[in-house]
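[1] Next comes the sequence, and after it the predicted model I'd like to discuss.
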Amino acid sequence: MIFGSGIIRGMFVTLKNFATSYFRKPDEGGLFTVEYPEKRIPLKERFRSFPFLVYDGTPENLRCTACDICARECPPKCIYVVRAADQDGRPLRRPAAFTIDYSVCMNCGMCEEVCPFDSIFMDHEFEIASQDRYRELVYTLTKLLKSNEYFNNIRPRDAQAVDKKRREAEEKKKLAAAQAAKPKLDEPPKPV
Amino acid sequence: MNISEIKSKIESALPGVSVKIVSQSLLVEKPGNLTRVVRYLKDSPEFRMDYLASVTGADYLDYLESVYHLYSMAKKTGPIVLRVRVRRDEPKIPSLARIYRGAEFQEREAYDLFGILYENHPDLRRLFLWEGFEGFPLRKDYLQEDSEILEAEDIQWLEEHGIPIPEDIRKQAHELKQQGLRALAQKPTKESGV
Amino acid sequence: MEYLDQLFVFAKRLMLDLLARFLPDWIVLVASMVISIVAILIFAPLTMMYLTLLERKVVGRIQNRIGPNRVGKFGLLQPIADGIKMLTKEDIVPFQADPVLHFLAPVIIVMPALLIFAVIPFGRGMTAVDLNIGILYFIAVSSISTIAIFMASWGSRNKFSLLGGMRTVAQMISYEVPMVLSVVPVILVAETLSTNAIIEAQSAGWFVWTPWGLAGFLIFFLCAVAECNRSPFDIPEAESEIVAGFHTEYSGIKFALFYMAEFISVFAVSALAVTLFLGGWKGPWLPSWLWFLLKAYALIGVMFWFRGTLPRFRVDQLMGLAWKFLLPLALINIFVVGFWYFSPGLWKWVGSLGILGPSFWIFTKLNRSYVPENRVYRLAEDENNETVGA
Amino acid sequence: MDEKTVTVQDTNPMDTETLEVNFGPQHPSTHGVFRMNIVLDGETIVSVKPVMGYLHRNHEQIAENLTYAAVMPYTDRLDYFNSMANNFGYALAVEKLARIEVPERAQYIRVIMAELTRLVNHVSVIGFLLNDLGAFFTPVLYAFREREKILDIFEAISGSRMMCNYFRFGGVKRDVSDADLEQIRKIVQKFPAFLDEFEALLTKNEILCMRCQNVGVLPPDLAVNASITGPVLRASGVNYDIRKVDRYSIYERFSFRIPLGDKGDVYDRYYVRILEMRESVKILEQALKGIRPGEFIHPKSTSFLKLPRNFKPPVGEAYGRVESPKGELGYYLVSDGTPQPWRYHVRSPSLINLTVLEDLCVGHKVADAIIILGSIDIILGELDR
Amino acid sequence: MGAISTNNRVGSAILHGRNCVPTLKDVMAFLETLIKIAVYAVMAVTIVAAIGVVTLHNLFHSALALVGVLLGIAGVYLALQADFLAGIQVLIYVGAVMTLVIYAIMLTQRLGDKNIPQTNRQGFAAAIVTLLLLYLLIGTVCRTPWLANPPARHIPASALDLGQALMTTYVFPFEAISVILIAALIGAIVIAKKEREP
């Protein structure tokens, strides 16, 4: 081998890449970078950024029951839940305050996994940069609530599975309620 | 080779050394005997434990423990787990750093976080924390500073940097100082978080 | 065609003629100098600004990236944005630095880089000063920049700067020797030190098409790359080792001046290599100055290509390359040119190649530590091993 | 007076003063906030003292205050280049502790992920090594071009590109779709071609050979004695790969070989990594052929997914280790029967491989210290913990 | 081409090369004064720098001042129309010798100190040598038969003349210096080697 041949071989590799960057496709040696704010890589469906709360229909009709499981299981402990109470002080099955500190959140998706009410899910929104990390990055209930349509939009497969599950549970509940409502009747329940 | 065979081999080869089986591992009863046991395991052709995979400490409230995982790269066997227990107030264990270079940083780490003194270590300094750090954070009785409560020194520093401090916080810090206390967080005990 | 070729010469002559109608002669004389100087002072920074852009674009494409593309179309205004940024940045002088040296170093380092332009023949009749010691002038002036780098490295009072300064000096002194010796064959054949006369001597054919010319060109070019501290010889500012070398402690416009000096000398040495070996502004069809710029930019492109491809040498290897490899080759090249000059016809070729080829081979054999070793790697299955070579 | 004369005689007039330089914590080539306290004689290194802890967050204490499941996302942050390998080690340790079984498909998915991670790690380490050598980002960007493709897969499967948090005790978090497997197949198919191109750029390059060969030679006996693991150990010619030794997961089903170095210098460490990638590609090909539909998590373990606090391993201890791309990544766990580990320790290869840094560097030049550090391949997240 | 007339001589002198000498007296006089002023300025700077070399407290600064002296002398050579010599002066002294001197200073002195003090333990010997040199110079100046009316224009010594002189008239000193330099080179290698062996 002549001294210098390895260098020349390497030079040809870079020359080839220089040339192919003008006409090849990204995965074949073309430009593989994306001019970010204008062009974007489509997000994968399972991509997770930060948690949000799902509501059905109107924001009042939110799924969260303030059970506090997500707050307890959250590894960096960035979720704070206060359960709502009625005038007599009896706890209600809805949160009075639900706050997530996005500056602490580490996007692990634990809350989504443990939530028994299919209420908290991971969002696709990742551009949350702001000037003030104490005020802007602490997300309160109003900022966290997003509709089920939005959820269906960003993660169709997961959302449909959740919806199906909820529908089935709903129907089962209805059926059970119907059964409970008329136990006196002797006709057997119809198969669904 | 099962654990009791290893135990009997060690005890027969090294008279005066007694080891005890604790959950599939060998507890060297006297810390002073550790180097002899390890040298035997390393040099004897039966074991050839030439690779010290892991050294770490553990705090069991009554005593501190140092755990060693030995493997053999030559024979591809292992692990033999050795453990040594010492009193919390006098945690002195002979260092293995002269037998295994690999123990050097790991023993420093255990010293740093548990305060176990490895005697004869070539360079026993804190590894991660800075010199002058108070306490040993992985001991179960270690109390952290409470980040929610300010101390008098903190307030002084903040004020020097032009940050206004509310009166109640200042008062709290003053009280703490008068009582000679520091703002320490209660370490969450087991199950307390549930 | 003729008109295009002499465009700039005519322009200057027209201006002087206009002046001569109203003003005394001595003003015309001064104006002639001023015009040349101003032309250089405009051309040099402009070249530097767009070379930075070109480098980023070329290296970007090599790495399958686009490169700067935000400021202006294709990032064409990027150098201006950079310039504004550099100008408005805070000028930081380290606490214990030697303020005078710290200030003077970037000023002095630009000077030789600009002075070199005086003898560069940009086209037919387009040399600012046709010195009869042109080549010597170039070598002498470019050696001054070492002093400025010393001032910067010592004046900053930073250990990385000091290391960078020491490396620079070792490198500059070492590479000057083979560089000068590689020019000697050209001077012997052209029988002159003047840049214009050397180009005229290449009317019959560029020197690079002869064996000694090719060898000389390669040695000269490598040494030139080293003199400009460019990759793979960029150890004085090796960012992975000594942060930024001698200009670690510089910011703002002072840093820009160092940067400018580097890029201007990149252009200057490329221009000189073109003059010495690639026939200068000679070439068919196109205007002479365009030919000259094309050739010079092609060489600069090669420098960028090097930067995009090669890792850098270590300091001792760099010295070894200069003293144990390039220097003896350059010396042998002087013998080769003598042989070429005195022998007839085909013998020239056979003899020259017969000397150069084996000596290259011998020097690689002598420098065994620089030649890659062959390695044998075992691939261990559980029992049976297999080996591969690399 | 006497003292003075003695010193005058002792010092060689040609001796130069040593220079103490701090490389780091802010330095382009320390791979994070790491400091090397180097004493130089001219350009030659007299001594190196690594100083670490700038990224220390007491990972072990954090973990001891969390449930077993909640530690998983924290392990991602150890070696943030190969979160899948970290997950793997931790999952293995907990499964050993709680005696959990893992279904076959999950094992396949785990192996595929671990080997993809190895590709990601090795390819970028070589890129960074070349950056330390002074190549102007080209090898890094070629490496990242390939890494991006694999990270896209990770994103599609686990939801995150780097902090995957994908493994669960008894399986993995979610199943891998056929489309994703197809995508992996495509990447694996094209990877050898990329490696060939990468090698054409680097392997025979004279400057790279000059810089790397016979620099930082680690003799095999020192390597074993200093508990060096991973490619650094194997580059010294010691045949020790935990995938072969422990046969954990389903590695015994695949036929692959362990590349062993010749001299144990920086070049061998570079080339052993290239060869390891080629072997990983082989494992991936076999795994992609062998994977069958099935459960991705053991049914008994699914209940703990929703209620991590009900997961209480029996009292005992376990040491689980995997061959992470950097070396032996071990997790030592002690359970007291509560949902939180009593003791949790990470045996991080980055830290322990650094033991020999001084031995490798002394006598070489400054530039060599940088590439030796680069060739050891440290990640500060794992080193400082 | 013809449209542009070259009706003044200074302009045409510049455009068509040196062989066409401008004859206008005032231009020449003006230029002469300019050059004279420049030469005297260079000389003055050289002397100031030379004083700086011996008086500056910082060794590094005095080395830099020495660079100034050498550059000034190159300027003087230029004024004496010895442009080849000037080029060589810059190349050898500024580019190589001074660089090595500064390099040696940086290597041997304490780099950490802000001031590298200039110490002189051989002041007496230096004074004697200086006086001897002064005596020699004065003697030479006095003994030289200065021409009352030097020829108005020297023929500048070209590189060709210098080369011929070195290869014919001065061939013996030239070769002797070569031998001395080679001896120095070998000596340097020997010293550098010795350090490594034990």
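    It's in. Given the structure is predicted, the values throughout are model-derived calculations rather than measurements.
[2] So C:I62 sits against A:T14, correct?
    Yes. Shown here, C:I62 and A:T14 form a contact pair, counting by C-beta atoms under 8 Å, at 4.7 Å. Bear in mind the C-beta positions are built from the backbone N, C-alpha and C, glycine included.
[3] Now the common contact residues for these two.
    Taking C-beta atoms under 8 Å, 6 or more residues apart in numbering or on different chains as the criterion, C:I62 and A:T14 both touch C:W305, C:G308, C:T309, D:T138.
[4] per-residue confidence for the third one?
    Going back to what we said before, that points to C:T309. Looking at C:T309, its pLDDT stands at 88.
[5] And stretch B:36-49, what's buried?
    Within stretch B:36-49, the residues scored as buried using 16 or more other C-beta atoms under 10 Å in any protein chain shown are B:R36, B:V37, B:V38, B:Y40, B:L41, B:K42, B:F47, B:R48, B:M49.
[6] Next, give phi and psi for the residue of chain D found nearest chain B.
    Taking C-beta to the nearest C-beta, chain B has its nearest neighbour within chain D at D:S227, 2.5 Å off. With angles defined as degrees, to the nearest 10, D:S227 sits at phi 60, psi 30.
[7] Tell me which residues touch it, please.
    B:Y51, B:L52, B:A53, B:Y100, B:R101, B:G102, B:A103, B:Q106, D:I352, D:T355.
[8] For my notes, confirm D:V39 occurs in a strand.
    Yes. D:V39 forms part of a strand when assessed by DSSP: H, G, I helix; E, B strand; the rest coil.
[9] How much space separates it from C:F335?
    46 Å (C-beta to C-beta, to the nearest Å).
[10] do stretch C:280-296 and chain E meet?
    No. Stretch C:280-296 stays clear of chain E (C-beta under 8 Å from any C-beta of the partner chain), getting no nearer than 15.8 Å.
[11] Where does pLDDT dip in chain E?
    Along chain E, segments meeting pLDDT under 70 span E:1-27, E:107-120, E:148-158, E:194-198.
[12] the helices in it, which residues?
    In chain E, the helices defined using DSSP state H lie at E:9-15, E:25-55, E:59-79, E:83-89, E:99-108, E:123-143, E:159-167, E:171-196.
[13] The fourth one near chain C anywhere?
    Yes. Under the criterion of C-beta under 8 Å from any C-beta, chain C is reached by helix E:83-89 at E:D83, E:F84, E:G87, E:I88, E:Q89.
[14] Could you export the residues you listed to a markdown table, including columns for distance to chain D?
    Below are the residues of helix E:83-89 next to chain C laid out as a markdown table (distance: C-beta to the nearest C-beta, whole Å):
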| residue | distance to chain D |
| --- | --- |
| E:D83 | 39 |
| E:F84 | 37 |
| E:G87 | 33 |
| E:I88 | 31 |
| E:Q89 | 30 |
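[15] Out of the residues you listed, which is nearest to C:V269?
    Set against C:V269, the nearest of the residues of helix E:83-89 next to chain C by C-beta to C-beta is E:G87 (17.4 Å).
[16] Excluding chain neighbours, what is closest to the closest one?
    Distances taken as C-beta to C-beta, 6 or more residues apart in numbering or on different chains place C:L136 nearest to E:G87, at 4.0 Å, with adjacent residues excluded.
[17] Verify the stated contact: that neighbour with C:S194.
    No. Counting by C-beta under 8 Å, C:L136 does not reach C:S194; the two are 10.0 Å apart.
[18] So between those two, which is more surrounded?
    The neighbour comparison of C:L136 against C:S194 (other C-beta atoms under 10 Å in any protein chain shown) goes to C:L136, with 23 against 20.
[19] wait, is the more buried one part of a strand?
    No. Secondary structure of C:L136 (three-state DSSP): helix, not part of a strand.
[20] And it, how far from chain A?
    According to C-beta to the nearest C-beta, to the nearest Å, C:L136 stands 31 Å off from chain A.
[21] The closest residue to chain C within chain E - nearest residue in space that isn't next to it in sequence?
    With C-beta to the nearest C-beta, the shortest gap between chain E and chain C falls at E:G95, namely 2.7 Å. Among residues not flanking E:G95 along the chain, C:S143 sits closest, at 2.7 Å (C-beta to C-beta, 6+ apart).
[22] and B:K30, how many neighbours?
    Using other C-beta under 10 Å, B:K30 has 13 neighbouring residues.
[23] for A:S103, same thing?
    By other C-beta under 10 Å, 14 other residues sit near A:S103.
[24] Report the contact partners of the residue nearest the centre of chain A.
    Centroid check for chain A by C-alpha atoms, centre = their mean gives A:M122 as the closest residue, at 1.6 Å. Residues counted as contacts of A:M122 (C-beta under 8 Å, 6+ apart) are A:R48, A:S49, A:F50, A:P51, A:F52, A:N107, A:G109, A:E112, D:G159.
[25] thought the second one was touching A:F121?
    Meaning A:S49. No. Applying C-beta under 8 Å, one finds A:S49 not in contact with A:F121, separated by 10.8 Å.
[26] higher neighbour count, these two?
    Neighbours were counted for A:S49 and for A:F121 using other C-beta under 10 Å; A:F121 has more, 24 against 19.
[27] check contacts around residue 29.
    Just going to use chain A. Contacts for A:G29 (C-beta under 8 Å, 6+ apart) come out as A:K16, A:N17, A:T20, A:S21, C:N64.
[28] switch to chain D, that's the one I care about
    D:S29 makes contact with C:S240, C:E241, D:F23, D:N131, D:D132, D:I370, D:L373, D:G374 under the criterion C-beta under 8 Å, 6+ apart.
[29] what helix or strand is A:K164 on?
    helix A:156-181 (DSSP states H and E).
[30] Please apply the same query to B:I21.
    Using DSSP H and E, B:I21 maps to strand B:19-22.
[31] Also B:E131?
    Per DSSP H and E, there is no helix or strand for B:E131.
[32] swap in C:P106?
    Using DSSP H and E, C:P106 maps to helix C:99-116.
[33] Can you spell out which helices and strands pack onto that helix?
    helix C:25-62, helix C:134-142, helix C:145-155, helix C:252-277 (3 or more C-beta pairs under 8 Å, 6 or more residues apart in numbering or on different chains; DSSP states H and E).
[34] let's see it at 10 Å
    helix C:25-62, helix C:134-142, helix C:145-155, helix C:252-277, helix E:59-79 (3 or more C-beta pairs under 10 Å, 6 or more residues apart in numbering or on different chains; DSSP states H and E).
[35] Report the rounded mean pLDDT for it.
    85.
[36] May I see the buried residues of that helix?
    Those would be C:101-106, C:108-110, C:112-116, for helix C:99-116 by 16+ other C-beta under 10 Å.
[37] Mind picking the two most distant members of the residues you listed?
    Maximum pairwise distance in the buried residues of helix C:99-116, criterion C-beta to C-beta, is 24.6 Å, between C:H102 and C:I116.
[38] circling back to that earlier point, quick check, nearest of the contacts of D:S29 to A:Y36?
    D:N131 (23.0 Å).
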